[in-house]
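Peer 1: below is the sequence, then the predicted model.
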Amino acid sequence: MNLEKSKKRIAKKVKMGFQGYPKITIAYQGPSADIANEVSVQFVLEDGADVQVERFRTEGDARKDDVIQSSIVKIIERSGAKTVALVEGVNIL
């Protein structure tokens, strides 16, 4: 899957807002606000359940990495997530 297609599919799910559980939250982290070399995908099955986290790291920007973005789309699809949230910006590590 190409990068733009993956980003559009993620953005479409985020735009839908809260639709119930299971819920996925995507957060980017990096050394500065310009580069996100790590992304964490948090999965919550139901309200109050333990959070499961999957992390991806790259030398470049994770937001522009085709493999990482495609993996996030696959996680969303396979988990059956009804809600996808995106933490705005890059959390500085």
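Peer 2: Done, it's in.
Peer 1: what residue of the protein is the furthest out?
Peer 2: Gly48 (20.2 Å; C-alpha atoms, centre = their mean).
Peer 1: now do the SS call for it.
Peer 2: Three-state call for Gly48 (DSSP: H, G, I helix; E, B strand; the rest coil): coil.
Peer 1: and it, how far from Lys74?
Peer 2: Distance, Gly48 to Lys74, using C-beta to C-beta, to the nearest Å: 26 Å. Backbone N, C-alpha and C define where each C-beta goes, glycine included.
Peer 1: one more: Asp61?
Peer 2: From Asp61 over to Lys74 the distance is 20 Å, taken as C-beta to C-beta.
Peer 1: so what does the helix or strand hosting Glu88 touch, helix or strand wise?
Peer 2: For Glu88, the enclosing helix or strand under DSSP states H and E is strand 83-92. Judged by 3 or more C-beta pairs under 8 Å, 6 or more residues apart in numbering; DSSP states H and E, the packing partners of strand 83-92 are helix 3-15, strand 23-30.
Peer 1: since that was my last question, I'll sign off now.
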